[in-house]
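A.B. asks: structure for the following, please:
(chains A and B)
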Number of protein chains: 2
Amino acid sequence: MHVVMLLYPGMTQLDLTGPFEVLVQFKELSLHLVAKNRDPVIDSGGLRLTPEVTFANCPKADILFVPGGPGQISLMEDAEVLAFLRRQAEGATYVTSVSTGSLILAAAGLLTGYRATCHWLSLNQLDFFGVVPVKERVVIDRNRMTGAGVTSGIDFALTLVAKLFGEERAKRAQLAMEYDPKPPFVGGSPETSAPALVESLRAATASFQKKREDVARRAAAALHAG
Amino acid sequence: MHVVMLLYPGMTQLDLTGPFEVLVQFKELSLHLVAKNRDPVIDSGGLRLTPEVTFANCPKADILFVPGGPGQISLMEDAEVLAFLRRQAEGATYVTSVSTGSLILAAAGLLTGYRATCHWLSLNQLDFFGVVPVKERVVIDRNRMTGAGVTSGIDFALTLVAKLFGEERAKRAQLAMEYDPKPPFVGGSPETSAPALVESLRAATASFQKKREDVARRAAAALHAG
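C.D. replies: Residues are numbered from 1 along each chain as shown, chains lettered A, B, ... in the order given. Now for the predicted structure:
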């Protein structure tokens, strides 16, 4: 099975590298990191990831995967990327994302009428595209599987391999990567964090989120018009 | 503060990319991915990571970080790497690792007399080097901080930033990356997994672990003789 994983400038690398570490343990899966061209892609934190295939020579996806990150904003209006995702989603067994990657799928029209999730700061924006926002860590609706923010990618990928290969093999992958998480603090979601901390992070990201929302509204209008 | 993160062929990328995502959120930290030369480094799963600096032009570490992975085996006997780590550890605020990265630090003599942890399959090998193996997810002993297998790197890095910048900012980073993990299955450690699954993974990795152990014993003998 071919897993096609999109790389793009300004992505959040852990959205992809978390799932990668789970999926790579399954010999049935061939992972393909794909980008417009083969130049190294620089993530939002400066990590360089190298694509192996381009849109032109990418195999047909059995699993299509889209990570999130600040670079997602421009991808919502990138006709070349959206057309590539639509082509790849046709006939795929699963169409998937982590974090704000779901907004890219949504802008391509690939989540219209589906339940899906997203990073908590941007979850409401799915609604612009006719997607039902769901505040859960991993959301499955028919063959769409979406994960919430960044680190949820590990939970997402373990859920995916359990669907594909059964629970026993998923648990084995979990044990191999010693995934028995013990965060040093209670928190990590708006529900488990102090309200003042949640508000502080909302305030600090407000102008960036406004930009993301403006582009999402425009991309949604283009999708509805298209 | 300079964070020097070692890259090497056959490393496990998530050992590094998990902590990277936490640390990159702190503007006080400059992250430097370092390798012998600037060629892309291919991890155990085939992901290509690009170093930005080499041993020759790497800044002096305030935080030294070593990931694990199958490629760690040859590094335990790589005089150039061990000498680089010893130089970098001198005067560092923290000397750190995730997974079998601790065996590389141990081979450099940097954990002798310290408590430390490692991936559960290799934890016992620390003992060869005069290191006290501790079965915990994150172990701190004076300025040495080690994480257990692979995914423990996220817990390790949050613990580290809490030490450096306080709990409030660590919790904020945790919320930004939505780290409120919900593994789909109970498991992920030998203690929480079915004994049959643990034994099956031990059996499947036995010949590889034998090789790792043989090299660790030889590296330990060289350290004691040196």
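A.B. asks: what segments of chain A are strands?
C.D. replies: Assigned by DSSP state E, the strands in chain A fall at A:2-6, A:30-35, A:41-42, A:48-49, A:53-54, A:63-66, A:94-98, A:115-116, A:132-133, A:138-141, A:144-147.
A.B. asks: a markdown table please, covering these and showing distance to chain B.
C.D. replies: Bear in mind the C-beta positions are built from the backbone N, C-alpha and C, glycine included. Listed next are the strands of chain A as a markdown table, based on distance: least, Cβ to the nearest Cβ, whole Å:
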| stretch | distance to chain B |
| --- | --- |
| strand A:2-6 | 10 |
| strand A:30-35 | 7 |
| strand A:41-42 | 9 |
| strand A:48-49 | 4 |
| strand A:53-54 | 13 |
| strand A:63-66 | 14 |
| strand A:94-98 | 10 |
| strand A:115-116 | 15 |
| strand A:132-133 | 15 |
| strand A:138-141 | 7 |
| strand A:144-147 | 9 |
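A.B. asks: okay if I get the ones you listed as TSV plus mean pLDDT?
C.D. replies: Below are those laid out as TSV (pLDDT from 0 to 100):
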stretch	mean pLDDT
strand A:2-6	98
strand A:30-35	98
strand A:41-42	96
strand A:48-49	95
strand A:53-54	98
strand A:63-66	98
strand A:94-98	98
strand A:115-116	98
strand A:132-133	98
strand A:138-141	98
strand A:144-147	98
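A.B. asks: reformat the ones you listed as a markdown table; add mean neighbour count and distance to residue B:215.
C.D. replies: Formatted as a markdown table, the strands of chain A follow (neighbours: other Cβ atoms under 10 Å in any protein chain shown; distance: least, Cβ to Cβ, whole Å):
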| stretch | mean neighbour count | distance to residue B:215 |
| --- | --- | --- |
| strand A:2-6 | 24 | 33 |
| strand A:30-35 | 21 | 29 |
| strand A:41-42 | 20 | 35 |
| strand A:48-49 | 21 | 30 |
| strand A:53-54 | 14 | 35 |
| strand A:63-66 | 28 | 36 |
| strand A:94-98 | 28 | 37 |
| strand A:115-116 | 22 | 47 |
| strand A:132-133 | 16 | 51 |
| strand A:138-141 | 20 | 39 |
| strand A:144-147 | 28 | 38 |
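A.B. asks: what's the closest of the ones you listed to residue B:44?
C.D. replies: Set against residue B:44 and scored by Cβ to Cβ, those come closest in strand A:30-35, at 12.8 Å.
A.B. asks: could you tell me the angle between the closest one and strand A:2-6?
C.D. replies: 30 degrees (axes from the mean of the first three to the mean of the last three Cα atoms, to 10 degrees).
A.B. asks: kindly reformat the strands of chain A as CSV containing distance to residue A:201.
C.D. replies: Converted to CSV, the strands of chain A look like this (distance: least, Cβ to Cβ, whole Å):
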stretch, distance to residue A:201
strand A:2-6, 26
strand A:30-35, 30
strand A:41-42, 24
strand A:48-49, 26
strand A:53-54, 36
strand A:63-66, 24
strand A:94-98, 19
strand A:115-116, 22
strand A:132-133, 19
strand A:138-141, 22
strand A:144-147, 19
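A.B. asks: ok, residue A:202 to residue A:103 distance?
C.D. replies: 18 Å (Cβ to Cβ, to the nearest Å).
A.B. asks: which of these two has more neighbours?
C.D. replies: Remark: of residue A:202 and residue A:103, residue A:103 carries more neighbours, 32 against 13, as counted by other Cβ atoms under 10 Å in any protein chain shown.
A.B. asks: tell me the contacts of residue A:60?
C.D. replies: The contact partners of residue A:60, taken as Cβ atoms under 8 Å, 6 or more residues apart in numbering or on different chains, are A:2, A:88, A:91.
A.B. asks: and the helices in chain A, which stretches?
C.D. replies: Secondary structure of chain A (DSSP state H): helices at A:13-23, A:72-75, A:79-89, A:101-107, A:152-165, A:167-176, A:195-204, A:206-225.
A.B. asks: residues making contact with the fifth one?
C.D. replies: Residues outside helix A:152-165 that contact it (Cβ under 8 Å, 6+ apart): A:1, A:14-16, A:18-19, A:21-23, A:25-26, A:28, A:63, A:67, A:94, A:96, A:98-99, A:117, A:137-138, A:140, A:145-147, A:169-170, A:173-174, A:179, B:151, B:178, B:181-185.
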